[in-house]
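Asker: Here is my input; please provide its structure:
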Amino acid sequence: MTAPREGSTFVHPTAIVAPGAVLGTGCSIGPYCTVGEHVVLGEGCELVSHVVLDGHTTLGKGNRVFSFACLGIAPQDLKYRNEPTRLEIGDNNCIREYVTISRGTAGGGGTTRLGSDCLIMAYVHVGHDSQIGSHCILANAATLAGHVSVEDYVTVGALCPVHQFCRIGKHAYIGGGTTITQDVLPYSLTSVKRENHAYGLNKVGLERRGFTPEQMKELRSAYRLLLAAKKNTSQALAELKQSLAEGKAGEHIAYLVQFIEAAERGIIK
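Answerer: Here you go, the predicted structure:
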């Protein structure tokens, strides 16, 4: 049995859509989904089946959410007192089965965010007040505690727990099963053998995203200085700043220096 269409928006007869919810043109709400009264869906979103959208949650256009995902649910924080906090999701994301994304807390800024064009694979958890950029991949059962920052073009491997307040720099790649308790350097390939280490550049990912040979060479030199030279982080940063001052390094090195200097939990080297 199918429900009648109103315009080009489809709601399955077993779905529950609260009166205050806003559904954009071309949305499809599948069997047994629940959409709360403060939810806003952009054009062309699809909830496959058994999806729960709760709280003050906004999705942009073209998102596809698979079965048993729960988005905008109350944060797993004992201090939360049902404040009207938010979850904001951009456009064209694919959110797979059993994903949970909590809305924010008053003490953490009030909003959890997910950018656009991300793949969030099955069983991923994104904790309250986390900020995830665009073009990211979170593989199966990656688990982000509250207040985590993930910048653009990051890949987090399967079964990776990320400690609260950690930052993951843009274009970083984290291997499966790696426990993250400090900030992950941008552009890096970080994984675990006996201990967590940054092993160098995310070479394949950067090449796929159009980094030039000159930019790759510049980043390789910087990472050699940070990871392989017999220098501490302060000494390596001083040399990188000198290169910037002399015009021998560009925007990616400037961003790398800025990222390291802003670290509050330290960095994985």
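Asker: Quick check: which element contains residue 243?
Answerer: Following DSSP states H and E, one finds residue 243 within helix 233-245.
Asker: Could you check how sure the model is about the helix or strand following that helix, as an average pLDDT?
Answerer: Scanning forward in sequence from helix 233-245 by DSSP H and E, the next helix or strand is helix 251-261. Per-residue pLDDT over helix 251-261 has a mean of 94.
Asker: how close does residue 46 sit to residue 123?
Answerer: Between residue 46 and residue 123 the distance is 20 Å, computed by C-beta to C-beta, to the nearest Å. In this view, the C-beta of every residue, glycine as well, is placed from N, C-alpha and C.
Asker: same deal with residue 54?
Answerer: For residue 54, the distance to residue 123 - C-beta to C-beta - is 19 Å.
Asker: So which bits of the helix holding residue 243 are buried?
Answerer: Residues of helix 233-245 classed as buried by neighbour count (16 or more other C-beta atoms under 10 Å): 236-237, 239-240, 243.
Asker: when you compare where that helix runs with where helix 251-261 runs, what's the angle?
Answerer: Relative orientation of helix 233-245 and helix 251-261, computed by axes from the mean of the first three to the mean of the last three C-alpha atoms, to 10 degrees: 150 degrees.
Asker: export helix 233-245 as PDB, just CAs?
Answerer: The C-alpha trace of helix 233-245 is given here as PDB (Å, rounded to 0.1, in the frame of the first residue of the first chain):
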ATOM      1  CA  THR A 233      58.000  20.500  17.600                       C
ATOM      2  CA  SER A 234      59.000  24.000  18.600                       C
ATOM      3  CA  GLN A 235      62.200  23.800  16.600                       C
ATOM      4  CA  ALA A 236      60.400  22.400  13.600                       C
ATOM      5  CA  LEU A 237      57.800  25.100  13.800                       C
ATOM      6  CA  ALA A 238      60.500  27.800  13.900                       C
ATOM      7  CA  GLU A 239      62.000  26.500  10.700                       C
ATOM      8  CA  LEU A 240      58.700  26.400   9.000                       C
ATOM      9  CA  LYS A 241      57.900  29.900  10.000                       C
ATOM     10  CA  GLN A 242      61.200  31.100   8.700                       C
ATOM     11  CA  SER A 243      60.400  29.500   5.300                       C
ATOM     12  CA  LEU A 244      57.100  31.300   5.300                       C
ATOM     13  CA  ALA A 245      58.800  34.600   6.200                       C
END
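Asker: Show me what it is packed up against.
Answerer: Counting by 3 or more C-beta pairs under 8 Å, 6 or more residues apart in numbering; DSSP states H and E, the packing neighbours recorded for helix 233-245 are helix 251-261.
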